[in-house]
Each structure stands twice: as C-alpha cells, then as structure tokens.
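Q: what's the 3D shape of this:
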Amino acid sequence: MWRFLVLLREDLDAARRRDPAARTTSEVALAYPGVHAIWSYRVFHRMWRVPALRLLARLRSQATRAATGIEIHPGAQLGRRLFMDHGMGIVIGETAVVGDDVVLFHGATLGGTSMTHGKRHPTLGDGVLVGAGAKILGPVWIGDGAQIGANAVVVKDVPARTVAVGVPAVVRQRPQTAAPEDLFADPAIYI
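A: All right, here's what the predicted structure looks like:
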C-alpha cells in the first residue's frame with residue numbers, strides 16, 4: 001500500500017513540476033483530468049492482472065474515459081511520473097509500454113495498426129515528449145529522450161534523443177548544443 005501511495009504522490013509532483021499553470025498540489029489533485037486518469041489506470045491495471053477481473057477493469061476504465069476524455073487500456077504498461085498536459089483525447093492502447101518521466105500532450109495517440117493478437121502498440125522510452133495531436137502507430141520503439149512534434153504521424157522507430165516531425169514523421173538530429181538533460185524543450189527549436 002505504501003508503494004502505491006508513493007506512486008500517487010509522484011504523479012502529483014510530476015504535474016506540479018511540468019505545468020507552469022499548476023498553483024497548488026490540491027488544485028492538481030482535484031482539477032487535473034490527466035492525474036485522475038493515471039490514478040484510475042493504476043487501480044484498473046492491478047485488476048487487469050487478475051483474469052477474473054478483466055471485464056470489470058475494462059468497464060471501469062471506460063467510465064474513467066467518459067469522465068476525463070482520456071482512454072488508457074488497463075493492459076497498457078505505464079511508467080512513473082507520466083504527465084498528460086490537458087489530456088483530452090489521449091488514447092493509449094492495450095500493448096503500449098510507456099517509460100518513466102514521459103509527457104503526452106492532448107490528442108496524442110499510442111495506437112495500433114493491426115488487428116492481430118500480440119504486440120501492436122508503441123513502446124516509449126524514458127523522458128519522451130509527445131506533442132499535441134501526434135499519432136504513434138504500431139509496435140514501434142521511441143528511444144529515450146526523443147521528442148515527437150505536434151501532429152506528427154510516427155510509423156517507424158525513432159532513435160534516442162532525436163526529434164520526429166511531419167506526416168509521415170521524419171527523424172531529425174538535435175543540434176550538438178542541446179543539453180542532454182533538456183528532455184522537455186520545445187521541439188520546434190530543433191527544426
């Protein structure tokens with residue numbers, strides 16, 4: 001139980017740190033749908049791991065979707081300190097894997113391109129930033145610290161610490177002057 005409470009606190013702290021509009025922890029806890037969706041997911045994911053509770057987990061996740069506008073399949077694997085800015089329209093599919101310290105902006109989709117069983121959604125490394133409206137489709141891999149530009153459509157792997165922009169997305173190298181620890185900079189400055 002203690003570990004679960006630590007995760008909930010980390011979710012609050014991640015939102016406070018990454019959103020300059022966040023004034024208080026209470027405001028984040030009460031008024032941020034991204035935080036509510038993550039908290040619900042954490043409960044439903046535990047239920048999903050028990051085969052007899054899978055239907056209930058799916059039904060409850062759909063109720064959270066109706067309340068927050070964010071759809072997270074309970075079978076997805078989300079890392080720690082995920083922040084969903086604004087949140088509305090975010091979709092995370094069943095076999096998606098999301099690393100630690102990831103930022104997803106509104107309208108981002110981690111979706112599939114196949115109707116077959118097995119791995120069909122993306123894997124995001126640690127420190128990935130996904131811009132508003134971006135679509136990452138299929139079992140692609142997004143490397144640590146990569147940035148996906150707004151409205152990009154990614155259907156191929158993206159190496160670590162690069163920027164992917166466009167439809168279909170094209171990978172661009174960051175300039176050498178970019179600091180490695182600057183994982184959340186505006187992708188537009190690298191284009």
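
Q: quick one: low-confidence ranges for the chain?
A: Counting by pLDDT under 70, the chain contains low-confidence ranges at 175-191.

Q: where along it do the helices fall?
A: Chain-ordered helices for the chain, with DSSP state H as the definition, fall at 2-18, 25-31, 33-48, 54-68.

Q: The first one: which residues count as buried?
A: If I follow you right, that is helix 2-18. With burial defined by 16 or more other C-beta atoms under 10 Å, the residues of helix 2-18 counted as buried are 11-12, 14-16, 18. The C-beta positions use only the backbone N, C-alpha and C, and glycine is treated the same way.

Q: got the angle for that helix vs helix 33-48?
A: Counting by axes from the mean of the first three to the mean of the last three C-alpha atoms, to 10 degrees, helix 2-18 lies at 160 degrees to helix 33-48.

Q: who touches helix 2-18?
A: By C-beta atoms under 8 Å, 6 or more residues apart in numbering, the list of residues contacting helix 2-18 from outside reads 22, 25, 28-29, 32, 34-35, 38-39, 42, 80-83, 85, 101, 103, 184.

Q: go with 7 Å
A: Here helix 2-18 makes contact (C-beta atoms under 7 Å, 6 or more residues apart in numbering) with 22, 25, 28-29, 32, 34-35, 38-39, 42, 80-83, 103, 184.

Q: how far is that helix from where the chain is centred?
A: Averaging C-alpha coordinates over helix 2-18 and over its chain gives two centres that are 15 Å apart (C-alpha atoms, centre = their mean, to the nearest Å).

Q: Please apply the same query to the third one.
A: On the basis of C-alpha atoms, centre = their mean, helix 33-48 is displaced by 13 Å from the centre of the chain it belongs to.

Q: and it, what does it pack onto?
A: helix 2-18, helix 54-68, strand 83-85 (3 or more C-beta pairs under 7 Å, 6 or more residues apart in numbering; DSSP states H and E).

Q: okay, the angle between it and helix 54-68?
A: For the pair helix 33-48 and helix 54-68, the angle between their directions (the same axes, to 10 degrees) equals 170 degrees.

Q: can you pull the buried residues of helix 33-48?
A: Buried residues in helix 33-48, defined by neighbour count with 16+ other C-beta under 10 Å: 33-42, 44-45, 47-48.

Q: Of the helices of the chain, which is nearest Val97?
A: Between Val97 and the helices of the chain, the tightest spacing by C-beta to C-beta is seen for helix 33-48, at 12.2 Å.

Q: give me the beta-bridge partners of Arg172?
A: Partner residues in beta bridges with Arg172: Val163, with DSSP bridges as the criterion.

Q: doesn't Val163 make contact with it?
A: Yes. Under the criterion of C-beta atoms under 7 Å, Arg172 lies in contact with Val163, with a separation of 4.9 Å.
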